[in-house]
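Peer 1: sharing a sequence plus its predicted fold:
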Amino acid sequence: MSSGIEDEDLGPTLLNDLEKMFSEKDTDRLFSEEIVEHLEEMEDRPWPEYKKGKPLSKRQLAILLKRYGAKPKFMSQDGKKGRGYLYSELEPLFIRYSDTPEVNSLKDKELAGTLRKREPLRYRIEVIPLIKVILEKNKIILY
């Protein structure tokens, strides 16, 4: 990495980038190949020059996400087959590591004491409560 940032520091950054990618593409699944191609185009992020001036590979993506308990699954979509990630399996991580102030505030209030902030799942195994938030006319409804 050219920026000198440790891999452990990049996990939350990667999760935030993935969450945005799922949202932009409006899909419930992304192939690993599709993810690394998109990340490579993000010039303001560390992904285009991840290691020794080369972009993040599918293998490196899997290694980074494995630290959080996420593993690529075999899937198919529109006749294409390959390994990738499902939104439903990454959603608890998106909630936990979100960089959106509203979600962080919600997490602090609702999950206080349940999760330690920014501790990778590889160090601790626990059930992460999933909170679904629906915005209706400027109201937040928790389920």
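Peer 2: That came in fine, so what should we check first? Residues are numbered from 1 along each chain as shown.

Peer 1: how's this protein carved up into domains?
Peer 2: Under automatic domain parsing, the residue ranges defining each domain of the chain are 7-88, 93-142.

Peer 1: ok, of these, where does mean pLDDT dip lowest?
Peer 2: Out of the domains of the chain, domain 93-142 stands lowest, with a mean of 52 (criterion: mean pLDDT).

Peer 1: and Gly82, how many neighbours?
Peer 2: Here the number of neighbours of Gly82 (other Cβ atoms under 10 Å) works out to 15. From N, CA and C alone the C-beta is placed, and that goes for glycine too.

Peer 1: next up, the contacts around the residue lying closest to it once chain neighbours are set aside.
Peer 2: Distances taken as Cβ to Cβ, 6 or more residues apart in numbering put Phe31 closest to Gly82, at 4.8 Å, once the chain neighbours are dropped. Going by Cβ atoms under 8 Å, 6 or more residues apart in numbering, Phe31 touches Met75, Gln77, Lys80, Gly82, Arg83, Gly84.

Peer 1: likewise Glu34?
Peer 2: Shown in contact with Glu34 (Cβ under 8 Å, 6+ apart): Gly84.

Peer 1: where does it land in three-state SS?
Peer 2: Three states are possible here, and by DSSP: H, G, I helix; E, B strand; the rest coil the one that applies to Glu34 is helix.

Peer 1: from Pro92, how far out is Asp26?
Peer 2: 20 Å (Cβ to Cβ, to the nearest Å).

Peer 1: which of these two has more neighbours?
Peer 2: Just comparing Asp26 and Pro92: by other Cβ under 10 Å the higher neighbour count belongs to Pro92, 19 against 6.
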